[in-house]
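Asks: the sequence isn't on hand, but the structure is:
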């Protein structure tokens, strides 16, 4: 028994390698036009008020959980802070970490000097 593969040896290329096709001219023109429009918008310097940006991002239901199950009980805001599942988990584990820290120096080490 051998460790060599059972595949036949590679054959020499029969023709020149196939080059990548260039995008269609219409697509290239659309891309160029969108770049020009973006540059014009950047030059215009239109400032979007924060209230409009905030309104866009504070729409409920944009989470994966909401898309899968139709409702997300953790999709809410407290002031300017979005809670969500990661916010809830970070607060929970920060609390657990602080409890373990205090347990270590009070119970295990027997000292009360933080």
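Replies: Thanks, I have the structure now. Values in this document were obtained by computation on a predicted structure and should not be read as measured data. Residues are numbered from 1 along each chain as shown.
Asks: now the phi/psi pair for residue 86, please.
Replies: phi -70, psi -30 (degrees, to the nearest 10).
Asks: number of residues surrounding it?
Replies: Counted by other CB atoms under 10 Å, the residues lying close to residue 86 total 10. All C-beta spots, glycine's among them, are computed from the backbone N, C-alpha and C.
Asks: quick one: residues contacting it.
Replies: Contacts for residue 86 (CB atoms under 8 Å, 6 or more residues apart in numbering) come out as none.
Asks: could you pull out the strands for this structure?
Replies: Along the chain, counting by DSSP state E, strands occupy 77-78, 81-82.
Asks: what lines up beside the last one in the sheet?
Replies: Read it as strand 81-82. Strand 81-82 has its sheet partners listed here by DSSP bridges as strand 77-78 (antiparallel).
Asks: who touches the partner strand?
Replies: Contacts to strand 77-78, defined as CB under 8 Å, 6+ apart, come from residues 58, 83.
Asks: 10 Å - rerun?
Replies: 54, 57-58, 60, 83-84, 87 (CB atoms under 10 Å, 6 or more residues apart in numbering).
Asks: can you select the buried ones among those residues for me in PyMOL?
Replies: Buried subset of these, written as a PyMOL selection, criterion 16 or more other CB atoms under 10 Å:
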select buried, resi 84
